[in-house]
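>>> Fold the stuff below for me.
(2 chains)
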Amino acid sequence: MDMRHKGVGEMTGDTDHEDTAMDRLPLELLVAFADGELAGEEAARAAELVRTDAGAAQLVADMRESARLAAAAFAGPMNEPVPQRLLDAVRNSAADEPATMGTVVPFARRQRSRPVAANWGMALAASIALVVGIGGGFGTAQLWTEPGQPTGMGRHAATSGPDFQRALETAASGVPVAFDVAAGDASVEILPVLTFRNVDGGICREFQTSLTDTGGTEIGYGFACRTDEGTWQNELLVAGPTSPRDDAPDGTMRPASGDNQTRFREIVDNFIGDDVVFPDEERALIDGNWE
Amino acid sequence: MSDDTREQIISLLPRLRRFAYGLTGSTDEGDDLVQAACERALSRLHQWQPGTRLDSWMFRIAQTIWLDRLRARRVRGETAPPEVLERISGGDAAEASEHRLVLRKTREAMQQLPEDQRVVLVLVTVDGLSYREAADTLGVPTGTVMSRLARARVRLHQLVHGHAA
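Residues are numbered from 1 along each chain as shown, chains lettered A, B, ... in the order given. The predicted structure follows:
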């Protein structure tokens, strides 16, 4: 059994503290000494510990070794060329500075509610097999209907009507809201998943939809941002897995596209700007009508 | 904007990639993080004070984005991302196989540290910042850097050498 670290446990502090140099814990002192971060009296104190205490000397040696290991373990990126996509991102991304206002993508500037990180998000979105809609202002409606899919009308109603608005406006993340659409021929469940602020500080919510009609159940992933007028506008909707009803005539199962969810979340992650809203704050926002 | 700033950011990319690799434990996820950080930085360039350190500012942006992603995963109830098959990078190729094993263990051990300890460890031991610089980058007192780093280093050593906690 290796006893070299006997005593280290007692030296380990378990709280952050900002105390003065004089009452520094021995462990912190020795690690800082190993890193060459000490001077004067503190350095002398540490050197004395190392000279008189075999455990302290071993600790300093171990700490130097682990620092070398950590540096070597992640050295890879320093020894290889930077991927082109990163260089392109730096050279081509729109910059927020008055001098270049005339040359940056005007669309992103004009639409203040649109997340600025759109460049990459759009490209990623395009790579998803079944993007059923992106951007509230265009493209959403005409892409709804697809052969063999649940009725377009139902889907459209599911994510644009007053019930959809109510779900995002009032339900906490993790709490599903169910309602009927298409005169009762279809039912919808909206499940808010995550609330966050985009790069403009606007509030957005990621949600999951589940639409069931005579054709079966279809899952969808989306996120919407709250407009200045107090409505929720879809930014992106992605089709998820679809399963037919048990008594559906042909019984064929569409392949589940779980991968779409992963990639959808990558997009959402890139729209997260200022922060992710935790449950307590979300509750307060809902109670205060998101103001 | 001055193309000069873009060039400065480009010259920081290797360090940013290494930093993000240390934070995320994966070069692919790390590069995604670097890209997001660059786009964020450029879109908020007016917030950077010329004369202050661009590297600290960029590290801070990357770390903020990373923390948001971790929080989003937690709120969504996602478990840790699926184990990414480690891409062998140029640096690894030159390593002797036994050494490689230890380095791999080190990378795995790093991912087991609490987030606040990991970022300090990466800034100081991987990027080589002084305690003062790391403290400035994170906006915390030097004493906090010291205590987090000490705990992280002991834990890292224990994990790599197979000690129990």
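>>> Helices along the stretch 101-250 of chain A, start to end?
Ranges of helices in the stretch 101-250 of chain A, per DSSP state H, counting those that start in this stretch, are A:106-110, A:118-126, A:152-158, A:162-170.
>>> worst average pLDDT in those helices?
Among those, helix A:106-110 has the lowest mean pLDDT, at a mean of 31.
>>> Bridged to A:Pro212, which residues?
Quick fix: residue A:212 reads Thr, not Pro. Beta-bridge partners for A:Thr212, by DSSP bridges, are A:Ser187, A:Thr217.
>>> got a list of what it touches?
With CB atoms under 8 Å, 6 or more residues apart in numbering or on different chains as the criterion, the residues that contact A:Thr212 are A:150, A:186-188, A:218. Using the backbone N, CA and C atoms, a C-beta is placed for each residue, glycine as well.
>>> now that we have those, which one has the most neighbours?
Using other CB atoms under 10 Å in any protein chain shown as the neighbour criterion, A:Val188 leads these with 26 neighbours.
>>> Was I right to think it contacts A:Arg166?
No - counting by CB atoms under 8 Å, A:Val188 does not reach A:Arg166; the two are 11.7 Å apart.
>>> pLDDT score assigned to B:Leu67?
91.
>>> cool, the one 10 residues further on as well?
Confidence at B:Gly77, expressed as pLDDT, is 78.
>>> Give me every residue in the stretch 151-291 of chain A lying close to chain B.
Within the stretch 151-291 of chain A, the residues that sit near chain B (CB under 8 Å from any CB of the partner chain) are A:173, A:193-194, A:196, A:199, A:206, A:265-266, A:268-270, A:272-273, A:275-276, A:278-279.
>>> Can you flag the buried ones in the residues you listed?
Restricting these to buried positions leaves A:173, A:193-194, A:196, A:199, A:206, A:265-266, A:268-270, A:272-273, A:275-276, with burial counted as 16 or more other CB atoms under 10 Å in any protein chain shown.
>>> Of all pairs in those residues, which one is the farthest apart?
Using CB to CB, these span at most 20.5 Å, a distance reached by A:Ser173 and A:Val199.
>>> Any idea how many residues pack against the closest residue to chain B within the stretch 1-150 of chain A?
Using CB to the nearest CB, the closest approach of the stretch 1-150 of chain A to chain B is made by A:Gly76 at 3.1 Å. Neighbour count for A:Gly76, taken as other CB under 10 Å: 24.
>>> How about A:Thr209?
Neighbours around A:Thr209, by other CB under 10 Å: 21.
>>> Could you report the distance from the nearest residue to it once chain neighbours are set aside to B:Leu121?
The shortest distance from A:Thr209 to any non-neighbouring residue, by CB to CB, 6 or more residues apart in numbering or on different chains, is to A:Gly220 (4.1 Å). Computed with CB to CB, to the nearest Å, the distance linking A:Gly220 and B:Leu121 is 41 Å.
>>> residue ranges of the helices in chain B, please?
Here chain B has its helices, by DSSP state H, at B:3-24, B:27-43, B:54-76, B:90-93, B:97-111, B:115-121, B:131-138, B:142-160.
>>> Let me know which of those helices is the nearest to A:Glu65.
In terms of CB to CB, the element of the helices of chain B nearest to A:Glu65 is helix B:142-160, at 7.7 Å.
>>> now that closest one, how far from the centre of its chain.
Remark: helix B:142-160 is offset 15 Å from the chain centroid, using CA atoms, centre = their mean, to the nearest Å.
>>> What's the mean pLDDT across that helix?
94.
>>> and the angle for that helix with helix B:131-138?
100 degrees (axes from the mean of the first three to the mean of the last three CA atoms, to 10 degrees).
>>> Against which helices or strands is helix B:142-160 packed?
helix A:26-34, helix A:54-73, helix B:97-111, helix B:115-121, helix B:131-138 (3 or more CB pairs under 8 Å, 6 or more residues apart in numbering or on different chains; DSSP states H and E).
>>> Out of these, name the one with the poorest average pLDDT.
helix B:97-111 (a mean of 85).
>>> And the contacts of it?
Taking CB under 8 Å, 6+ apart as the rule, helix B:97-111 contacts A:66, A:69-70, A:72-74, B:22, B:25, B:86, B:92, B:95, B:118, B:121-122, B:155-156, B:159-160.
>>> got the angle for it vs helix A:54-73?
100 degrees.
>>> how about helix B:97-111: buried residues?
B:100, B:102-103, B:105-107, B:109-110.
>>> Give me the neighbour count for B:Arg151.
By other CB under 10 Å, 23 other residues sit near B:Arg151.
>>> my guess is it contacts B:Gln117, does it?
Yes - contact status for B:Arg151 versus B:Gln117: in contact at 6.0 Å, counting by CB under 8 Å.
>>> Give me the common contacts of those two.
With CB under 8 Å, 6+ apart, B:Arg151 and B:Gln117 have no common neighbours.
>>> hang on, the earlier thing: what separates the residue nearest to A:Thr209 from A:Glu235, distance-wise?
Distance from A:Gly220 to A:Glu235, by CB to CB: 13 Å.
>>> ditto for A:Thr209
From A:Thr209 to A:Glu235 the distance is 14 Å (CB to CB).
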